[in-house]
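> The amino acid sequence is not available; the structure is as follows:
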């Protein structure tokens, strides 16, 4: 554990907070350890700050595999449990085609064309059946 | 085979033919210049036809020198391929079928054959027969090379046209701010569906489109493969943050889809392109309002 922290933060994905939303920008390859760390960081930050939404910008990701698809689905499920909504923004056409060809249509995932559109989507009131379960708490 | 044992010596029929071709180069080219194949292609001057004939004779001599009279891939033919293609193309343009061009090429043999027989006067009949056989094999190979070249030209043309057709057949139209549409016309196969998917998704990014409409009014039949491609496109568009609407499903196609047991439940469908556009506009918050006094509303 201590060894992990003493290493330089190569591959660390920063989680930025913008008001009621957490913004994560993925660039290039996502390694197993980085993905694991990101999932942990995200859930801890949501639990601590009680934000209502997470935007994952993947416009910088050009190559995708089933692993990234699974990570995205897992993050979405995780944040849902913590009463926050996840929006994946800026997926490239080639990436979308690859995911569909792999059979990963990610049905439960919210998507948006750009980060801006994702912010707008999160600004709208929740209309899903789970709306009653949304947490009302002060940050 | 005695020929092979003696390969390299001037005694083999192949080498005899080679030496004959080199010796009689001028005469062969002159005679060929009178044949319809050369005469009609090189119309500017007879000298031009003679020069072209000489190039072909040189190529034949080179192939004979390499002892590869039966091999259309022999290095000697490389230089004349372009010229043969030009000649073939010129004859095709003149309205001749491939068979006719082929027989015109075959007509190149008799004049050379006559020259060869005259040239080998005094040799044994056995030897003469061997040499003429070699010569006809060599010219047969030339014919094959010419046909190969013509075929590859045609193949290239087909490939080019197929690409053009792909581009022409899948235009992406911007219907409104944030709404793009692809009217699909003709039969969908895997390659085309892939192309449609790519152009549509790229248009979604370029135009910042929130809605994409796939109009299949012009698609005559829908089978399970096409339906699968439609669903893939819809899923990919959704992953990118756009909503995909399929419109123009005709009654017969709707029946087929139901009969095939295909579940298009995840796909939003509308009867016509107008309905799909109306739906998208409504979702975007832009309602179409009739200004007539009696009826105001949106679709």
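Yes, it's here. What you are looking at is a predicted structure, and each value in this text was computed from that prediction instead of being measured. Numbers count the residues shown, from 1 in each chain, chains lettered A, B, ... in the order given.
> burial measure for residue 29, as a count.
You didn't say which chain, so I picked chain A. Residues contacting residue A:29 under the criterion other CB atoms under 10 Å in any protein chain shown number 12. C-beta here means a position set from N, CA and C on the backbone, and glycine is covered the same way.
> Please refer instead to chain B.
Based on other CB under 10 Å, the number of other residues close to residue B:29 is 20.
> Report the contact partners of the residue nearest to it when sequence neighbours are not counted.
Of all residues not flanking residue B:29 in the chain, residue B:53 sits nearest, at 3.4 Å (CB to CB, 6 or more residues apart in numbering or on different chains). Contacts for residue B:53 were tallied using CB atoms under 8 Å, 6 or more residues apart in numbering or on different chains; they are B:28-30, B:32-33, B:38.
> Pull up the per-residue confidence for the most centrally placed residue in chain A.
In chain A, the C-alpha nearest the mean C-alpha coordinate belongs to residue A:56, at 4.1 Å (CA atoms, centre = their mean). Here, the pLDDT recorded for residue A:56 equals 92.
> That one and residue B:244: what is the separation?
21 Å (CB to CB, to the nearest Å).
> what does residue A:120 give?
Note on residue A:120: its distance to residue B:244, by CB to CB, is 20 Å.
> Show the backbone phi and psi for the residue in chain A that chain B sits nearest to.
Residue of chain A nearest chain B, by CB to the nearest CB: residue A:93 (3.4 Å). Per-residue torsions, residue A:93: phi -50, psi -50 (degrees, to the nearest 10).
> right, and it touches residue B:205 too?
Yes - with contact defined as CB atoms under 8 Å, residue A:93 reaches residue B:205; the gap is 6.2 Å.
> where do the contact lists of these two overlap?
Contact criterion CB under 8 Å, 6+ apart; residues shared by residue A:93 and residue B:205: residue B:240.
> Identify each buried residue in the strand or helix carrying residue B:40, please.
Using DSSP states H and E, residue B:40 falls within helix B:36-41. Using 16 or more other CB atoms under 10 Å in any protein chain shown as the test for burial, helix B:36-41 gives B:37-38, B:41.
> tally of neighbours for residue B:112?
24.
> can you tell me which residues contact it?
Residue B:112 touches B:28, B:31, B:135, B:139, counting by CB under 8 Å, 6+ apart.
> now swap in residue B:130 and tell me
residue B:13.
> same question, residue A:102
Residues in contact with residue A:102 (CB under 8 Å, 6+ apart) are A:65-66, A:69.
> cool, residue A:74 as well?
By CB under 8 Å, 6+ apart, residue A:74 lies in contact with residue A:39.
> Stretch B:49-68 - what's its average pLDDT?
84.
> who's in contact with the residue lying closest to residue B:94 once chain neighbours are set aside?
Closest residue to residue B:94 apart from its sequence neighbours, by CB to CB, 6+ apart: residue B:40 at 6.7 Å. By CB under 8 Å, 6+ apart, the residues touching residue B:40 are B:90-91, B:94.
> how near is residue B:40 to residue B:98?
Distance from residue B:40 to residue B:98, counting by CB to CB: 16 Å.
> cool, residue B:151 as well?
9 Å.
> cool, and residue B:235?
Applying CB to CB, the value for residue B:235 to residue B:98 is 47 Å.
> helices or strands next to the biggest helix by length in chain A in the packing?
The residue-count maximum for a helix in chain A (DSSP state H) belongs to helix A:32-49. Taking 3 or more CB pairs under 8 Å, 6 or more residues apart in numbering or on different chains; DSSP states H and E as contact, the helices and strands that helix A:32-49 lies on are strand A:15-18, strand A:21-27, helix A:66-81.
> Hey, what's the angle from that helix to strand A:21-27? Just curious.
170 degrees (axes from the mean of the first three to the mean of the last three CA atoms, to 10 degrees).
> re earlier: export the contacts of residue B:112 to a markdown table and append columns for secondary structure.
Output for the contacts of residue B:112, formatted as a markdown table (DSSP: H, G, I helix; E, B strand; the rest coil):
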| residue | secondary structure |
| --- | --- |
| B:28 | helix |
| B:31 | helix |
| B:135 | helix |
| B:139 | helix |
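> how about CSV for those, with distance to chain A, pLDDT and neighbour count added?
Output for those, formatted as CSV (distance: CB to the nearest CB, whole Å; pLDDT from 0 to 100; neighbours: other CB atoms under 10 Å in any protein chain shown):
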residue, distance to chain A, pLDDT, neighbour count
B:28, 58, 85, 23
B:31, 61, 84, 19
B:135, 57, 85, 25
B:139, 52, 85, 20
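> Cool, thanks, talk later.
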